[in-house]
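A.B. asks: got a sequence here, can you model it:
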Amino acid sequence: MDELLEKFIKKIEVTQLQFTRNMMNDIDWTARLIGLRGARGVGKTTLLLQYIKKNLKLDGTSLYTSLDNIWWAENRPVDVASEFVRKGGRYLFLDEVHHYPTWRQEIKNIYDDHPELKIVFTGSSLLELLDARADLSRRAVMYHMQGLSYREYLNIRLGLDFEVIRLDELLEDPVPLAQMVNRKIKPLQHFDDYLKNGYYPFFMEGKTGYHHRIEEILNMILEIELPLQRGVDPAYVIKMKQLLQIIAESVPFIPNVSKLSNRMKINRNTLVTYLHYLQEARLIAHLYKDAKGISRLQKPDKIYLENPNLPFTLAGKNAGKGNIRETFFINQVAYQNKIEYIDQGDFRINDQTTIEVGGKNKSFEQIRGIENAYIAADDIEYGGNKRIPLWLFGFLY
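C.D. replies: Next comes the predicted model:
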């Protein structure tokens, strides 16, 4: 265990605290067992290390370790936890647990055997708490973490301190909110860069190689995580990559499952299941006309990529502006709200608000006569009269 402690201390020493995600305040750190899901690259590890550095003492009572380390090939978490508790350990942080084959059983045993120990674990978006031998769903308080909002991107890049805006106050009167931002910066000056290069926190390491790193994340999810965690046939991985590219170039992608299944030479239900897995992996987002009672075998009405950076990675110059606008809107709003696809207008939020997304000259024709209807318009600074700057929806988390 000394080797783990040494690596832990070295990581803490290089952890920076200039910017921390708001999510750190949303987590109930008093819970005995906390789980944090999220796609690769969104900053789960950084969040854990920052929390430790800000709130816990390095006196032997805390330990962070990642289970993707080769050290775990010959060691067991339950044994390390027992030794850690005997030496006064109280806070155990287990990162990337999905790399350890029996992680659920190990964590369950640690939780049951050491009631004085608080455990935090992280894993991929595909993390499942329930299997035949260990059910963590009744024990763990789970959270999902996604990439940076536009607000967080501005704060981290420019050293600012913009606060989260509530959806209801944004819809009620966006003008003073937009004025507040415009007094400090020109939000449109940075918006395009965020859409292309700002969702993943590793943008801070430079634009060179940024989209190559996203490609590596995609390949890891498609080639390793989905086959191992969901049993996806590796023979279909290349077809799933092609499907993601089609979605990236569409405005938006309206799936014809029968045609797709014939083209990919795959059973229809299997294809819909694979689409469900891609959504679980946070690579795509599904929209339905009625979000109630959705089953795994229900075909989505529209499909988008999960965040606006992905179209640039997968389609490059072929990434459509309209697609990127709508992808941004869904990504920022759906994190804490329900979004549905509708025939008149683009989206319905929380069963009561209709939104049409478009450019600065977008008319109200498509949503005329609808109550609680708004335009989310790109390329405007302030808005007004039910016209809201699209970028301002990036301040909701």
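A.B. asks: for the stretch 101-250 of the chain, what are the low-confidence residue spans?
C.D. replies: Scanning the stretch 101-250 of the chain for pLDDT under 70 picks out the ranges 132.
A.B. asks: stretch 338-353: end-to-end distance?
C.D. replies: Length of stretch 338-353, first residue to last, C-alpha to C-alpha, to the nearest Å: 11 Å.
A.B. asks: ok, now stretch 329-349?
C.D. replies: With C-alpha to C-alpha as the measure, stretch 329-349 spans 11 Å from end to end.
A.B. asks: buried stuff in that stretch?
C.D. replies: Across stretch 329-349, burial judged by 16 or more other C-beta atoms under 10 Å covers 329-334, 339-342, 345-349. C-beta here means a position set from N, CA and C on the backbone, and glycine is covered the same way.
A.B. asks: before we move on, what about stretch 274-292?
C.D. replies: Across stretch 274-292, burial judged by 16+ other C-beta under 10 Å covers 274-288.
A.B. asks: got the domain boundaries for this protein?
C.D. replies: What automatic domain parsing lists as the domains of the chain is 2-145, 151-395.
A.B. asks: so how far is Leu396 from Asn197?
C.D. replies: According to C-beta to C-beta, to the nearest Å, Asn197 and Leu396 sit 21 Å apart.
A.B. asks: likewise Ile247?
C.D. replies: Counting by C-beta to C-beta, the gap from Ile247 to Leu396 is 24 Å.
A.B. asks: do Ala140 as well
C.D. replies: 26 Å.
A.B. asks: before we move on, what about Leu67?
C.D. replies: Leu67 sits 33 Å away from Leu396, going by C-beta to C-beta.
A.B. asks: go on, Thr354?
C.D. replies: Distance from Thr354 to Leu396, counting by C-beta to C-beta: 17 Å.
A.B. asks: cool, and Ile221?
C.D. replies: According to C-beta to C-beta, Ile221 stands 26 Å off from Leu396.
A.B. asks: do the same with Arg104
C.D. replies: Look at Arg104 and Leu396: by C-beta to C-beta, they are 33 Å apart.
A.B. asks: neighbour count for those two, which is higher?
C.D. replies: Shown here are Arg104 and Leu396; by other C-beta atoms under 10 Å, Arg104 has more neighbours (23 against 19).
A.B. asks: quick check on Asn219: phi, psi?
C.D. replies: Phi and psi for Asn219, reported as degrees, to the nearest 10, are phi -60, psi -40.
A.B. asks: same question but for Ala39, I mixed them up
C.D. replies: phi -70, psi 160.
A.B. asks: report the separation between it and Asn385.
C.D. replies: 38 Å.
A.B. asks: what of Ile9?
C.D. replies: In this view, Ile9 and Asn385 are 57 Å apart by C-beta to C-beta.
A.B. asks: tell me where the stretch 51-200 of the chain has helices.
C.D. replies: 77-86, 103-113, 150-158, 167-172, 174-182, 187-197 (DSSP state H, counting those that start in this stretch).
A.B. asks: with distance to Arg325 as extra columns, can I get those in CSV?
C.D. replies: Converted to CSV, the helices of the stretch 51-200 of the chain look like this (distance: least, C-beta to C-beta, whole Å):
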stretch, distance to Arg325
helix 77-86, 45
helix 103-113, 39
helix 150-158, 13
helix 167-172, 17
helix 174-182, 17
helix 187-197, 8
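A.B. asks: which one of those helices lies nearest to Val232?
C.D. replies: Val232 lies closest, by C-beta to C-beta, to one member of the helices of the stretch 51-200 of the chain: helix 103-113, at 20.0 Å.
A.B. asks: which residues does the closest one contact?
C.D. replies: Contacts of helix 103-113 with the rest of the structure, by C-beta atoms under 8 Å, 6 or more residues apart in numbering, involve 32-33, 67, 76-78, 81-82, 92, 94, 97, 100, 117, 119, 121, 123, 129-131, 133-136, 139.
A.B. asks: from the buried residues of stretch 274-292, which is closest to Asn372?
C.D. replies: Leu287 (18.9 Å).
A.B. asks: isn't that closest one up against Glu340?
C.D. replies: Yes - the pair Leu287 / Glu340 is scored as a contact, 6.7 Å apart, by C-beta atoms under 8 Å.
A.B. asks: find residues that contact each of those two.
C.D. replies: Joint contacts of Leu287 and Glu340 (C-beta under 8 Å, 6+ apart) are Phe347.
A.B. asks: which one's more surrounded, Ala39 and Asn385?
C.D. replies: Between Ala39 and Asn385, Ala39 has the larger neighbour count (other C-beta under 10 Å), namely 23 against 9.
A.B. asks: local confidence estimate at that one?
C.D. replies: Looking at Ala39, its pLDDT is 92.
A.B. asks: so it sits right up against Leu126, yeah?
C.D. replies: No - when contacts are counted by C-beta under 8 Å, Ala39 is not listed as touching Leu126 (9.3 Å).
A.B. asks: tell me, what's touching the two both at once?
C.D. replies: Ala281.
A.B. asks: tell me the contacts of the most centrally placed residue in the chain?
C.D. replies: In the chain, the residue lying closest to the centroid (C-alpha atoms, centre = their mean) is Gln146, at 2.3 Å. By C-beta under 8 Å, 6+ apart, the contact set of Gln146 is Gly38, Ala39, Val42, Arg282, Asn307, Asn331, Tyr335.
A.B. asks: which secondary structure element is home to the closest residue in space to Ile370 that isn't next to it in sequence?
C.D. replies: Leaving aside its chain neighbours, Ile370 sits nearest to Thr354 (5.1 Å; criterion: C-beta to C-beta, 6 or more residues apart in numbering). For Thr354, the host element (DSSP states H and E) is strand 353-358.
A.B. asks: okay, now the sheet partners of the following helix or strand past that strand, with direction.
C.D. replies: Scanning forward in sequence from strand 353-358 by DSSP H and E, the next helix or strand is strand 373-377. Partners of strand 373-377 in the sheet, by DSSP bridges, are strand 353-358 (parallel), strand 387-389 (parallel).
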